[in-house]
Structures are given as C-alpha cells and as structure tokens.
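Asker: build me a model:
(2 chains)
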Amino acid sequence: MNRAIPVVLLLFAAAVFPLSVKTIFLDVGIERQLGTAQKIFYYHVPMAWIMMLFGVVCGIAAGVQLRRESRLAEAIAIAAGELVIVTGLGVLITGPIWGHASWGKAWTWDARQVSTGLLWLVFVAYVMVRRYGAAGSERLAAALAIFGAIDVPIIYYAVKIWKTTHPSNNVVGSLPPEMWAALWPGLGALVATCIALVMVRTRQELTEMNLDDAWVRAEELGEAGAKGATT
Amino acid sequence: MIEATGALLGAPATDASADEYEAVDGLARADIECQRAHEAIAAKKTASDYQHIVWAYGVLWSLFAIYGVMLWRRGQRLGADVQALSARIDRA
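Answerer: Residues are numbered from 1 along each chain as shown, chains lettered A, B, ... in the order given. Just a heads-up that it's a prediction; the model follows:
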C-alpha cells in the first residue's frame, strides 16, 4: 500500500476544508424553514453517508475474512469498523444538536435515530470483540459486522417505512444548486480524511499481525539457539 | 434626536415642530415596534443556532482529532515494538 496516498488525501482535506467552511457560512443563504442551524446539515449528512459506507465496507471485508481468512480483509474490516464508531458518534452527536435547535427536542426516538444508534452499538460490539475476544472470536466478530452492514439499508429506508421526524430521502436530491455547491467540499474533505484514516489504520493492523508472527518466530529462534548452546 | 425619532415613529407632531419635522408615511410606532420585536426574536434564534453550530462542528472535528492522536500513538507503539523485536533478533 502506497504510504504517500494517506498524506496526499489529508493534504487535500486540509486544503478543501477552509473552502467548505467559507462556502457554508459566507456563500449559502439561510434556509427559510430551518434557519441558521441548517448549516449543521453540510457535515451531519456526509458523516451519515460515510458511516453507512464504511459499515458496508466492514461487513463485506468481514465476510471475505470469514471465507478466505485473508489478513488484508481482516485489517480493512477492523479499520472500517473503528471509523464507523468515529463517524457514527459524530452523527449521533451532531444530529441531536441540530434536532434541539430545529425541532426543540434532541432525541425523538424516531426510526432513523434508533437504527443509527443500533448500528453504532453493533460496531462498538464488533471492535470490542475483536480487541478483547478470546481466540476464535473473529468469527463472532465477523458475524456482528455483517449484521451491522445489514442495518445500513434499514437506516436508509427507515424514513420510508416508518413515520419519522427526519425528512424523506428525496430532500437531498432536491437541494438547490447553491446548497450542493456547499455540500460537495465538505463531503470531499470528510471522505478524503476518512479514507486516509482507514488506510493508515489498515496498515497498522497488518503491521501488528506481522509483528505478532515475527515475535513468535523470534522466540522460537531464541529457544532453539539456547538449546544449541547447552548441547 | 429624541424628537426626530418621535417623528420617524409617526408620533403626532405638535404645531410648533410641524415646520421642522415631517412624519414619515407608513412607519407607525406599532409597526416599528413589531418589526423590532421580530428582529429581536430572529437575533436570539440566530445566536442560539450559531451556538449549536459551534458545538456540532467542534465535536465533529474533535472526534477526528482524537482518533488521529490515537492512531499516531499506536504508530509510536508499533515502532517501539519493531525496535524491541530487532534487538531480540540481534541477541538471538
């Protein structure tokens, strides 16, 4: 994996982020119904998309790991799972802040909120099992990741299936061009940051796995050397 | 200044001041007060909204910063582990 890619992505994000903030706060007008607080949308919604994307990536990678016992897939699954926790926490905090400003209530227990909370808990469980589980717990963890990935379409369709306080999925598609112009830079900066973080974390996980193997070999080598010296 | 404001707000002008100040049509005191009340509500809402925005953006980028620091520390630990392994192999 090229080590320069995460650096390039982070530099891109660092360059685009000020442009994003400038566009959101200086170029786009105040939304008529939701007021100034609507500006939270430009980071809340991309975070939710990224959370769902990496939830699916984690589920697929965990599935590949289950079938082929691929180390790369395992490392990608762990990195993506951790990123789901970070972005999910972002969504679950910024959402209620926006809700408090716009609806007057931070948490309404609507289907999208609950399914997002469930997704976050599932991936927290996944990462906990991966980190603290006994030998053989990788299969249970992978099953959790796949279950989490299945929750993603439930989050997306929650506003269609159940009556919720969240707006319908068509809202984003019907945004005026000036709002899209403000959404793209934020989305680009966040996606670039998240891909860079996942790449760094994947490489760390692979290094850790290889190090574990190397330590075992080094111990064996040391024992063999000690035996050779005594005989 | 006070007299001028009174004229602007459409206060009944006295005969003495009629030559100096002319009431502005369409700016009744009640309308102005209503407008100011709306402005105060809007200003309060905007201030509250900006407070929410600062919290939301602050939390969001803090999360990334914290995760970034965690990755950096993990990287440091892995680097130390590699060095320890090298030393162990050299000893063997």
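Asker: use CA for all of it now, contacts and neighbours both
Answerer: Noted.
Asker: which helix or strand in chain A has the lowest average pLDDT?
Answerer: Within chain A, confidence by mean pLDDT, DSSP states H and E is lowest for helix A:170-173 among all helices and strands, at a mean of 74.
Asker: list the buried ones in that helix?
Answerer: Residues of helix A:170-173 classed as buried: none (neighbour count, 16 or more other CA atoms under 10 Å in any protein chain shown).
Asker: report the rounded mean pLDDT for the helix or strand where A:Val114 lies.
Answerer: According to DSSP states H and E, A:Val114 maps onto helix A:111-132. For helix A:111-132, mean pLDDT is 92.
Asker: ok, and what's touching it?
Answerer: Under the criterion CA atoms under 8 Å, 6 or more residues apart in numbering or on different chains, residues A:78, A:81-82, A:84-85, A:88-89, A:92, A:107, A:137-138, A:140-142, A:144-145, A:147-148, A:151-152, A:154-156, A:158-159, A:162-164, A:166 lie in contact with helix A:111-132.
Asker: next, the buried residues of it.
Answerer: Result for helix A:111-132 [16+ other CA under 10 Å]: buried residues A:111-117, A:119-120, A:122-127, A:129-130.
Asker: how about the residues of chain A that lie near chain B?
Answerer: Within chain A, the residues that sit near chain B (CA under 8 Å from any CA of the partner chain) are A:35-37, A:39-40, A:43, A:86, A:90, A:93-94, A:97-98, A:101, A:197, A:200-201, A:204, A:207-208, A:211, A:214-215, A:218, A:221-222, A:225.
Asker: which residues of chain A score low on pLDDT?
Answerer: Scanning chain A with the threshold set as pLDDT under 70 gives A:1, A:169, A:225-231.
Asker: in it, where's the longest helix?
Answerer: helix A:177-230 (DSSP state H).
Asker: ok, B:His38 - how many residues close by?
Answerer: Other residues lying near B:His38 total 12 when counted by other CA atoms under 10 Å in any protein chain shown.
Asker: same question for the one 3 residues further on.
Answerer: The tally of other residues near B:Ile41 (other CA under 10 Å) stands at 12.
Asker: cool, and B:Gly58?
Answerer: 12.
Asker: hey, which helix is longest across chain B?
Answerer: helix B:29-91.
Asker: say whether chain A is contacted by that helix.
Answerer: Yes. Using CA under 8 Å from any CA, helix B:29-91 comes into contact with chain A via B:46, B:48-50, B:52-53, B:55-57, B:59-60, B:63-64, B:67-68, B:71, B:74-75, B:78, B:81-82, B:85, B:88-89.
Asker: tell me the contacts of A:Leu175?
Answerer: For A:Leu175, counting by CA under 8 Å, 6+ apart, there are no contacting residues.
Asker: show me where pLDDT drops low in chain B?
Answerer: Using pLDDT under 70, the flagged stretches of chain B are B:1-19, B:21-24, B:92.
Asker: okay, which residue is most central for it?
Answerer: B:Tyr50 (3.4 Å; CA atoms, centre = their mean).
Asker: isn't that residue up against A:Ala37?
Answerer: Yes. Judged on CA atoms under 8 Å, B:Tyr50 makes contact with A:Ala37 at a distance of 6.8 Å.
Asker: and the strand or helix carrying A:Ile97, what does it pack onto?
Answerer: Per DSSP H and E, A:Ile97 falls inside helix A:71-102. With contacts defined as 3 or more CA pairs under 8 Å, 6 or more residues apart in numbering or on different chains; DSSP states H and E, helix A:71-102 has these neighbours: helix A:41-68, helix A:111-132, helix A:177-230, helix B:29-91.
Asker: spatially central residue for chain A, please.
Answerer: For chain A, A:Val84 is the residue whose C-alpha lies nearest the centre (CA atoms, centre = their mean; 2.8 Å).
Asker: name the nearest residue to that residue, ignoring sequence neighbours.
Answerer: Leaving aside its chain neighbours, A:Val84 sits nearest to A:Met51 (5.0 Å; criterion: CA to CA, 6 or more residues apart in numbering or on different chains).
Asker: tally of neighbours for that neighbour?
Answerer: The burial count assigned to A:Met51 is 28, neighbours taken as other CA under 10 Å.
Asker: then A:Arg32?
Answerer: 8.
Asker: who's in contact with A:Ile97?
Answerer: A:Ala106, B:His52, B:Trp55, B:Ala56.
Asker: show me what contacts A:Val28?
Answerer: With CA under 8 Å, 6+ apart, A:Val28 has these contacts: A:Glu178, A:Met179, A:Ala182.
Asker: any chance of the helices and strands packed on helix A:71-102 in CSV, plus distance to A:Leu9?
Answerer: Output for the helices and strands packed on helix A:71-102, formatted as CSV (distance: least, CA to CA, whole Å):
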stretch, distance to A:Leu9
helix A:41-68, 15
helix A:111-132, 25
helix A:177-230, 5
helix B:29-91, 14
